[in-house]
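Visitor: with the input below, show me the fold.
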Amino acid sequence: MATPCRYIGLVLIGIGVLLNLWTDALFKKHKTTVKPYENPTHLGISGPFRISRHPMYLGMVLILLGIAIALGPLISLVVPILFVIVMEIMFIPFEEKNLEQAFGKEYLDYKQKVRRWI
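Guide: Numbering: from 1, shown residues only. Presented below is the predicted three-dimensional model:
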């Protein structure tokens, strides 16, 4: 029997998947890389990038959080928390440095307007 937590988890998973698909489609449309260690050729500022500078990471967190909530035990929340920590330490700083080098003031202005996560 499904509990309300399972439904909440499924909704979060669905939102995360849709967010990642939408963001990935924008990367493909603008022919720029999704890989954080490659040089970007387009600064995404429309669609999901209006609410988050890193909507794909946000989508992944929502998926992991949804899975954790659907599973039930509080220990399940360790995975999404660790994911955020790893992104904050290993990927986002490097990626934001690349974006700043590639787009300069345009990226800095965008960074002032849009939060990192949401």
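Visitor: contacts and neighbour counts: CA atoms only from here.
Guide: OK.
Visitor: quick one, what contacts Tyr37?
Guide: Tyr37 makes contact with 94-95, according to C-alpha atoms under 8 Å, 6 or more residues apart in numbering.
Visitor: state the pLDDT value of it.
Guide: At Tyr37 the predicted local confidence, pLDDT, stands at 85.
Visitor: before we move on, what about Pro73?
Guide: 85.
Visitor: and it, how far from Val84?
Guide: Here Pro73 is placed at a distance of 19 Å from Val84 (C-alpha to C-alpha, to the nearest Å).
Visitor: any low-confidence regions in the chain?
Guide: 1-2 (pLDDT under 70).
Visitor: I'd like the distance from the lengthiest helix in it to the chain centre, please.
Guide: When the chain is parsed with DSSP state H, its longest helix is helix 4-29. Chain-centre distance of helix 4-29: 10 Å, with C-alpha atoms, centre = their mean, to the nearest Å.
Visitor: helices of the protein, start to end?
Guide: Going by DSSP H, the chain shows helices at 4-29, 55-71, 78-86, 92-103, 105-113.
Visitor: who has more neighbours out of Pro73 and Val84?
Guide: Val84 (16 against 9; other C-alpha atoms under 10 Å).
Visitor: quick one, what contacts the most centrally placed residue in the chain?
Guide: Compute the mean C-alpha point of the chain, and by C-alpha atoms, centre = their mean the closest residue is Tyr57, 2.2 Å away. The contact partners of Tyr57, by C-alpha under 8 Å, 6+ apart, come to Met87.
Visitor: show the contacting residues for Val17.
Guide: So Val17 contacts 59-60, 63 (C-alpha under 8 Å, 6+ apart).
Visitor: ranking the helices of the chain by burial, who's on top?
Guide: Ranked by mean neighbour count, the helices of the chain are led by helix 55-71 with a mean of 22 (mean count of other C-alpha atoms under 10 Å).
Visitor: quick one: that one to chain centroid distance?
Guide: With C-alpha atoms, centre = their mean, you get 10 Å for helix 55-71.
Visitor: same thing with stretch 107-118?
Guide: For stretch 107-118, the distance to the chain centre is 13 Å (C-alpha atoms, centre = their mean).
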